[in-house]
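**Q** with the input below, show me the fold.
(5 chains)
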Amino acid sequence: MEASSKFIARTALAGWLGELSARFRVWAPRREGRAVLYRPFDPQAPEDNLPELDKKPTESAKHIIFPRSEPLINFRRKRDPEHPGQFLLDLRVPEAPGPSLIFGLPPCDARGFMVFDPVYNGSGTDGQARDIYYLRRRAAALLIVRSCSRTLSTCFCNWVGGAPDSAEGADILASEAEDGFLLEPVSSEGAAALDSGLLVPADENRLKAAQAARDEAKKTLKPAPDISGAGKALLERFEDAAFWKGEAAHCLSCGICTFLCPTCYCFNVTDETAGANGVRLRSWDACMTPLFTLEASGHNPRQDKAARLKNRIGHKFSYYPELHEARFACVGCGRCIKSCPSGVDIRRIVTDSVGLTQSPKPKAAPRNIPGGKE
Amino acid sequence: MSDVTREPAGTGRELRLVGFLCNWCSYGGADTAGVGRFIQPTDLRIVRLPCSGRVNPLFIAKTLLYGADGVLVSGCHPRDCHYAEGNFYARRRLEVFRHLLPTLGIDPRRFEYTWVSASEGQRWQQVVSKFTEQIHSLGPAPRLPGAPELEWMQSGVNPA
Amino acid sequence: MPELALKPAFNPSTPNPYLPQVATVLEVIQETHNIRSFRVRLDDEQAWASFSFEPGQLGQLSLFGVGEATFVINSPPTCKAYLQFSVMRAGEVTTALHGLQAGDKIGLRAPLGNSFPYNDLKGKNVIFIGGGIGMAPMRTLLLYMLDNRRDYGDISLLYGARTPQDLSFAYDRADWLGREDMRTVLTIDAPAEGWEHKVGLIPNVLTEMAPSPENAVAVTCGPPIMIKFTLQALGKLGFKPEQILTTLEKRMKCGIGICGRCNIGEKYVCIDGPVFTYAQLQTMVNEL
Amino acid sequence: MATQEELKKIILDVLPDVDCVIGWGPGPEPLCASPYFMRNPEDVDYLLAGPASVHNPALFLPEYKGRKTGVVVKGCDSRSVVQLISENLIRREDVVIIGFPCAGVVDASKIAAKLGPYGEPGETERAIFDKDALNLSLGGKELSIPLSEILADKCSRCKHPGAVISDYFAGEAADALQVKDDFTDLAGLESLPLEERFRFWEKEMSRCIRCYACRNACPLCVCRDHCVASSREPHWLAQANGVRDNLMFQVIHATHLAGRCTGCGECQRACPVHIPVLLLKRSLGRAVEQLFGHHAGLDPESRPPLLTFQMEETNIKEREW
Amino acid sequence: MRIGVFICHCGSNIAATVDVKKVAEAAWGMNDVVYSTDSMYTCSEPGQQAIEEAIREHKLHGVVVASCSPRMHEPTFRRTVERAGLNRYMFEMANIREHVSWIGRDKALNTLKATELVRMAVEKLRLNRVLTPKKIPATRKVLVIGGGVAGIQASLDCADAGLEVVLVEREPSIGGKMSKLDKTFPTVDCSSCILGPRMVDVAQHERITLYAYSEIDSVSGYVGNFEVNIRKKASYVDWEKCTGCGACTEKCPSRKTFDRFNEGLGATTAINIPFPQAIPKKATITAGACRQFQGKKCGVCAKFCPTGAINHEQKDEIVTVKVGAIVAATGYDLTDWTVYGEYGAGRYPDVITSLQYERMLSASGPYGGHIKRPSNGEEPKSIVFIQCVGSRDPSIGRPYCSGFCCMYTAKQAIMTKDHIPDSRSYVFYMDIRSPGKGYDEFTRRAQEEYGAQYVRGRVSQVYPRGDKMVVRGADTLLGLPVEVEADLVVLAVGGEASRDAPKLAEKLRISYDGFGFFMEGHPKLKPVETNTAGVFLAGSCQGLKDIPSSVSQGSAAAAKVMALLSRDMLESDPQTALVDIKRCIGCSKCVKVCPFGAIREQDLRGQIKAEVLEAVCQGCGLCNATCPQGAIQLSHATDNQILAEVEALLCQM
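**A** Coordinates of the predicted model:
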């Protein structure tokens, strides 16, 4: 494949994205104030919205394939022309959106979709329901991953099988190389997208430069502890209420960690109406809110925030791996740590549960932490 | 939920004005205006509430943000509230809320509150006429896009 | 470089699991003051003709504009005229469902979830223990077994509620009580005028009935507190956890194991349930 | 950091009588502390009370209602405590308030502005606050930023750097400062024409992901689990993630805080996409101040101005028709 | 839901400017509407029958009528749908007459507006719920607070109507201000002669329980079911035993006790019976004046009491009564006249208040009915009356007219002439306010027949000169300064709300104005009701008034109580606030703002939750607008219903 690796000069990038815009809806990270967000690339003004590739995007790319809220069904109630006192239901499903291309996502974001895939594809088994809304977007999306040229102190992709230059889930891997980017095709679709006059074949120097930068970036990651025992450890910790209450004490129960997470895939379904028209919406939901599991009777199996945090961590490091080939439902992007207003650190919870925490900070032995039923 | 067809087909003359009136004074005042055949502009649509104290300022926010051009609240004159105190609370809450509008970028003149008693039919006519005129002089209010999926519900046209 | 982008393929003919089929309410039955049963039938004749399910499976009833709620189909698979759902009024959707009348249109997604192991039960003695609305999920299996009576051993039913007025399925009860080939015990919590059956809490009456665990399976469903004591009572009678079946309820949305809220550890009630053996429950995390 | 040592002594004294003492401890990253729940004497060693102690520990108090809890407070935090007490959301006798002379806390946005792309949490290898500067190691370089340049805006208008009320105070309590709040933070937005302000919010709200961190970080948003944002009865908001519903939520939040907000700014600090949501609350705070001369969180006996009235309102000029 | 819509022509009232048929046609397309039609006069008998038939034929769950104002015919149509078996609250009205056809000229716009109003009504109706009034039992007993003439009248009327009455009076005797008066205007009949027998009636009435020298400690409960704690203050005399013989008062050595009944004009004993006609006629010890209480050895009264009723150890006692209704009749107090330093009030013995003058005039008063100068006991010849002392004076916070001073001053001028034929009376006044039957004639008689000299103007100063008082003022009619040398100056002091009235108002959860007067339910239409169900007002506590008005109000309040308690069960309007217990966080903001005290905190398994007393809730919805999470909703005007109406306007289909 190396032979087909290409190079694009920084100056040609906008032009290439513009070219791709003819075939795809192109998304790329863009800086807005302090935030870096995936926004549609505007081919009309390519220079004005050059991708921000240096800073890690504030949000993950998941909303491009799994929108924050999307209509599942449009429904209309119509009077039955034959029986004026009766109504008929007219149900419609939105048409498939066109293909999209995400440029410049970090490797962890691409790996995030790998966590979605088995769930939304009925675990790949026959007879299991498949989520057509996700699948049709996913199948029509091309991911151009950019390897990380540096890492943040919140990054821990190496704990969960990732790397700053992982190509897993990518169609093309882009790596910084001097005055531009080395573009390595990972999939055949990726290779096809590299067919452009704006790209030149990658030369040896650039290949080397890119590899050197990638190696450098890898070195900036602290060594990963062995958390392979986390699944079992978490199950053993399940009944340890004090442990979980201690870990959750400062949690705000907000949705930042789940909404910024590239792997959190839970959703809610609600109906909205306007007159006789309505729409059934699927929107992101956060397992950290009590409403997530609140039953009509008033009973809530996860009444307190400790129980909810336990489920979130448990899902990522125990339940999900149990179901899906030992893959953690976490890609180590660190967004939940970086953006948590309260300093909740998922790494800490995992190492605490496995008993690997190194830091000198004592683990406060909680006596009686509030937040729900004792 | 979605943008309104604000202007009725073919007329192009009306703006969307919503009134929240207390049942005991102002709704009665509007009735009195009707009985007196005091001609008024037709834009205003009235929501009847027990008391101006029932008016949560968020009804006004909702109405203004979701497609109205003007909102009018009217209750009993201070001290005449059927429920003794409702309008006193309303006055504070509505006044405070009105101060938020410029920060939101909404012209505060799009929202007014006043007091009209059940006997003041003529005053009601005056209030409606002036308020309608005021909103017409401001023109249609700027709109925010709703969520595309909700637009889709309205139009049946697929979101991009 | 190996092909790493193993993204799932999309087949446009994949059925949309979220799209309900339109159904018509044929009949509404007032069971108790807060429980109504709805008999519904799919509008599409072809779909209806090919519709099949197994006892214990779920259906999602859709009221457009309000939302969906999950119920066990409680008519037997042998009934080809309608599907029956019994709904206790509790939240927004169930309250709205109670407003339905015959002739109204609703949405239906069914069947979902697993089912009672009715084949494994063949030749066994089965005791049903139901409390309140908990009778509904078991009704489908009971009626199925009665329709295939020869396949099974002794069948007994213990059905209880707070008061006589809280017992549902009056139209079945007369039949059940009259049958020679099953034993039916009804109970209420406190004495009531005109009541000719047992008085007492279900676990106590169960202990009194003392069914033998020999070649037997107990199916129980009801409010959590009843289940708790019924399990204890069954244990004392010698029932092993593998011999006890129950159904679970959780807040559900998608009904197909994706939306992520009805999990108990790695199990999803909507696809791995609603039917579980007590033995299974014991291996799961304690988060009911 | 003599104050911090004194604080530790106080906490050790208080600890036996309370469920826990809420303060600040080391966070996951050098630049951020984390709310910290001290239960055992050895926990107290790790207390941090300084420029990184940005969190408002009053946030957690309603969870502890009915249990005696200690809380270390900056001046701004103490106002939240007072407001909670005045609204009967916590009981005075349940809280042991421990104050100290706060010298201000840093604003991560300002640090980010100073450092450009490297200024976000997670980018720094080392960050140490000394008396009046933040010393950083960043990309192999050593930097020093004067604290005065990165203090939060709220600190520059803070009248009560010490606690408004306290049971214990580490160091010298000072009188209220003579600082005038000119609401200069609103000036930028309000210098724009109305329509542009409207479009400003449209743009800002397009980033909102409806995570409700602004709400959950607000010490006075005590409804939290029962917030109208996700209820169906009443059904104020669609779950759809549109600009209009996003803004409507902010208006709901701000309106519910009118006359109650102490301006602690936690809503804005918590926002992961940096929407200046505090502006709306500040605007209402200004209105409440102008109309009723009320400042929330100063007097535990006071009643929020929108939960009371005067028959003759001095400052409300009603429109003549 | 199945909704039927009926659009009324109202003859040509609506049809002339609204295309009624078009509106009815448009309604067919609205949500849940399964039937729509127009009719000539919907409110007529055939019109109503058509609704009933449609409900039955089309199995309707709810009905919308678009016609006139709901303030006119909502009750009519509610009865209509009820006759056809629907709950009366499954009905909505769109006002397309007063709000559309009568005020707009453009038929196209009117038709559009009417259609939208119908849509709003339909959208609201879709969220209506069946509401059923609650029955609550009522205690057929009434508490009257204040034993002045208004309270006495209310008590007697209620008792005569068969209700049990508990009358509470703060002073040792009932009678109030009226019992202190010598004569009443304009008939100049003897005050105690007309009041006395009514006081006796109270004492003797089998259904009236009197607690004199008692105050209201606390009030809980709600209409029909109040529970009131009455504090019986210690009188140190066992009233069960006291016969009112007066032996103790004759022997009591503390003879310089301030005489409250006589407004300090003269002194009384530490143990005393306030006046001869007192009801109850029982002795009370003024602890502050009693030697025994000051640690001196005394006990004279105990020694001489023939029944052994004296008990210096007596303590306050709390009595709890359950009543169904409460009448507040706490009257008024004189405005503090000592603030007028320029009148020398309180400093010069010959400057007295009008009420002191009444006690002077009274034959049973301390002066035996003789007018004397307090300074030297001489008969005054020149008497100056100064009006509006403590009335109509914003500078002391009393901007209002007390209403009765002009009249009693005229009476006092007349009485003065009667007592001292060679006296001269001067009356300084601002305006003479004398509306009322025979009132204006009466003030004229004072001037014309009795020669009282009325001077229009304010008095600027009163000061002594020799043994006379000089009254200096201006005659604003003549524009000249005036100076009168007077032997006695009588200040026509106005009234103010009874001391502690606000405290009582808070206990009763009724509102009071800036002066402490209790607020009536509506200034015109509910003059004796309050906004707290079951609490009524009588007499000057609501606003100053003279005797006939007080008596009328006493009777009016009694009539309201009788109407309320005429049934054993009260029916509450179901349009009340409702708490969603699961969502209530117990912050009690609703409790704080409820004008009616209709919401209280309840402890539900350790959690505080709001609870609405349906019988007390008036349905204003203030709590609903206050609750941040919307956990308290006003039935029939819930947030969702209002939002549905708004959304019907903002979303067109």
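
**Q** centre-most residue in chain B?
**A** Central residue of chain B (C-alpha atoms, centre = their mean): B:Val71, 2.3 Å from the mean position.

**Q** now do the helices in chain C.
**A** C:45-50, C:92-97, C:135-147, C:170-178, C:202-209, C:224-237, C:269-272, C:278-283 (DSSP state H).

**Q** what is the mean pLDDT for the first one?
**A** Spelled out, that is helix C:45-50. Regarding helix C:45-50, the rounded mean pLDDT is 95.

**Q** so, in contact with chain A or not, it?
**A** No - on the criterion C-beta under 8 Å from any C-beta of the partner chain, helix C:45-50 is out of touch with chain A, staying 13.6 Å away. The C-beta positions use only the backbone N, C-alpha and C, and glycine is treated the same way.

**Q** tell me who's in contact with E:Val462.
**A** Contacts for E:Val462 (C-beta atoms under 8 Å, 6 or more residues apart in numbering or on different chains) come out as E:342-344, E:348, E:351, E:386, E:469-472, E:489.

**Q** element containing the most centrally placed residue in chain A?
**A** When C-alpha atoms, centre = their mean is applied to chain A, the residue found nearest the centroid is A:Pro262 (1.4 Å). A:Pro262 belongs to no helix or strand when assigned by DSSP states H and E.

**Q** quick one: it from chain E, how far?
**A** 33 Å (C-beta to the nearest C-beta, to the nearest Å).

**Q** spatially nearest residue to that residue, not counting backbone neighbours?
**A** Spatial nearest neighbour of A:Pro262, chain neighbours left out: A:Gly112 (2.6 Å); criterion: C-beta to C-beta, 6 or more residues apart in numbering or on different chains.

**Q** mind checking the SS state of the nearest residue to E:Ser192 once chain neighbours are set aside?
**A** Nearest non-adjacent residue to E:Ser192, counting by C-beta to C-beta, 6+ apart: E:Gln277, 5.8 Å away. Recorded secondary structure, E:Gln277: coil (DSSP: H, G, I helix; E, B strand; the rest coil).

**Q** for E:Gln277, what are its contacts?
**A** E:175, E:179, E:192, E:196, E:199, E:364.

**Q** most neighbours of all these, which one?
**A** Highest neighbour count within these: E:Gly175, with 28 neighbours (other C-beta atoms under 10 Å in any protein chain shown).

**Q** contacts only, for that one.
**A** E:Gly175 neighbours (C-beta under 8 Å, 6+ apart): E:147-148, E:152, E:195, E:199, E:275, E:277-279.

**Q** which residues of chain A lie near chain B?
**A** Selection of chain A residues close to chain B by C-beta under 8 Å from any C-beta yields A:69-71, A:74, A:92, A:94-95, A:97, A:272-274, A:277-279, A:281.

**Q** in the stretch 501-650 of chain E, what residue lies closest to chain A?
**A** Using C-beta to the nearest C-beta, the closest approach of the stretch 501-650 of chain E to chain A is made by E:Lys582 at 5.3 Å.

**Q** near chain A, which residues of chain E? Just list them.
**A** Within chain E, the positions lying close to chain A (C-beta under 8 Å from any C-beta) are E:2, E:28-31, E:34-35, E:58-59, E:123, E:582, E:647-648, E:651-653.

**Q** tell me which two in those are the farthest apart.
**A** E:Trp28 and E:Lys582 (38.8 Å; C-beta to C-beta).

**Q** many thanks, I have nothing further to ask.
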